[in-house]
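**Q** Sequence first, then the predicted structure:
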Amino acid sequence: MAEVVIVESAGAAGALVADEIVRLINQKPDAVLGLATGSTPLPVYQALHGRLAGTDVSQVRGFALDEYVGIDPTHPESYRSVITREVVEPLGLDPDRIKTPNGAQDGIEHAGDDYEAAIEAAGGVDLQILGIGTDGHIGFNEPGSSFASRTRVKTLTQQTRKDNARFFDSIDDVPMHCITQGLGTILRARHLVLLAFGEGKARAVAEAVEGPVSAILPGSAVQLHEHVTVVVDEAAASQLKLADYYRYTFDNKPDWQGI
């Protein structure tokens, strides 16, 4: 069972996860982080900004979850640009050590295998940050994705393109394809940290954590991992049947265990 931590706010969640990441970097200066984009992980990155002051992060490595196919890496909405803007520059990380999948059309047929090889060469991801969509997707692994899937090119659903159109001038500018780490790739990380905030995520969280493991809800794959921490606010926890149990166990766990 995943460890579920219920906190009062997204800010509290960010502080909790940031503390764990700092602890990891202090123990392993060349730690490998799995980096998600979107609004959900922002409280973590914001909390890290102050906590990493004075810490040597020159060896920290990172791998983004996904990238659009065919987008210019310098486009403000490419995930390379987003990671640079929200993570690399604020935290003072070495940009050469932070990777995103290669979404260029030239060589796209083997870009997934190349990314898998790069993650393996780095020794694997130590801590993977994840968000979850209202339909239960993680990364760009939409409902129906295989739990054994590796980094690959996917066709974005029309709903996903509509959802992401707010970042572009129009839906016509939203790329049709993406390259994303697969569920199998994500499950190989040593520690998964899934974040969710707001009532709109409550059903997806409950089904991912307490429901059946099913390809129709990709987030339920976290139940197959040996070290998962799900950090949610009260609203996102509102449909959890075992919420009181989660609160009790977290309040009484040894401090040295972290999350």
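**A** Yep, that arrived. Numbering: from 1, shown residues only.
**Q** in the stretch 151-259 of the chain, which spans are helices?
**A** 158-164, 183-187, 202-210, 243-251 (DSSP state H, counting those that start in this stretch).
**Q** pull the CA atoms of the second one into CSV?
**A** Read it as helix 183-187. Extracted C-alpha coordinates of helix 183-187, given in CSV (Å, rounded to 0.1, in the frame of the first residue of the first chain):
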residue,chain,number,x,y,z
LEU,A,183,4.3,3.5,-16.9
GLY,A,184,7.0,0.7,-16.8
THR,A,185,9.7,3.4,-17.0
ILE,A,186,8.1,5.3,-14.1
LEU,A,187,7.8,2.2,-12.0
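**Q** mind checking how far it is from the chain centre?
**A** Centre-to-centre, helix 183-187 and its host chain are 11 Å apart (CA atoms, centre = their mean, to the nearest Å).
**Q** ok, now the third one?
**A** In terms of CA atoms, centre = their mean, the gap separating the centre of helix 202-210 from the centre of its chain is 16 Å.
**Q** Alpha carbons of it, as PDB, please.
**A** Extracted in PDB, the C-alpha atoms of helix 202-210 (Å, rounded to 0.1, in the frame of the first residue of the first chain):
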ATOM      1  CA  ALA A 202     -10.400  13.500  -5.400                       C
ATOM      2  CA  ARG A 203     -11.900  10.700  -7.500                       C
ATOM      3  CA  ALA A 204      -8.700  10.000  -9.400                       C
ATOM      4  CA  VAL A 205      -6.700   9.800  -6.200                       C
ATOM      5  CA  ALA A 206      -9.100   7.500  -4.400                       C
ATOM      6  CA  GLU A 207      -9.300   5.200  -7.400                       C
ATOM      7  CA  ALA A 208      -5.500   5.200  -7.900                       C
ATOM      8  CA  VAL A 209      -4.700   4.400  -4.300                       C
ATOM      9  CA  GLU A 210      -7.700   2.300  -3.100                       C
END
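**Q** pretty sure residue 154 contacts residue 140?
**A** Yes: using CB atoms under 8 Å, residue 154 is in contact with residue 140, at 5.4 Å. C-betas here are computed from N, CA, C, even on glycine.
**Q** joint contacts of these two?
**A** 178, 180 (CB atoms under 8 Å, 6 or more residues apart in numbering).
**Q** So the two - more neighbours on which side?
**A** residue 140 (25 against 20; other CB atoms under 10 Å).
**Q** any idea how far that one lies from residue 107?
**A** Residue 140 is 19 Å from residue 107, where distance means CB to CB, to the nearest Å.
**Q** With residue 189 instead?
**A** Residue 189 is 25 Å from residue 107, by CB to CB.
**Q** ok, residues contacting the helix ranked longest in the chain?
**A** Longest helix in the chain, counting residues (DSSP state H): helix 10-27. Identification of contacts with helix 10-27 by CB under 8 Å, 6+ apart yields 5, 7, 31, 33, 42-48, 51-52, 55, 57, 60, 126-127, 129, 193, 195, 197, 229, 231-233, 258-259.
**Q** Which secondary structure element is home to the closest residue to residue 79 other than its chain neighbours?
**A** Spatial nearest neighbour of residue 79, excluding adjacent residues (CB to CB, 6 or more residues apart in numbering): residue 67 at 4.7 Å. Using DSSP states H and E, residue 67 sits in strand 66-68.
**Q** Give me the next element, helix or strand, following that strand.
**A** helix 79-83.
**Q** pLDDT on that following helix, on average?
**A** Per-residue pLDDT over helix 79-83 has a mean of 96.
**Q** dump the residue contacts of the most centrally placed residue in the chain.
**A** When the chain is reduced to its mean C-alpha position, the nearest residue by CA atoms, centre = their mean turns out to be residue 130, at 2.4 Å. By CB under 8 Å, 6+ apart, residue 130 lies in contact with 34, 36, 65, 138, 139, 186, 192, 193, 194, 195, 222.
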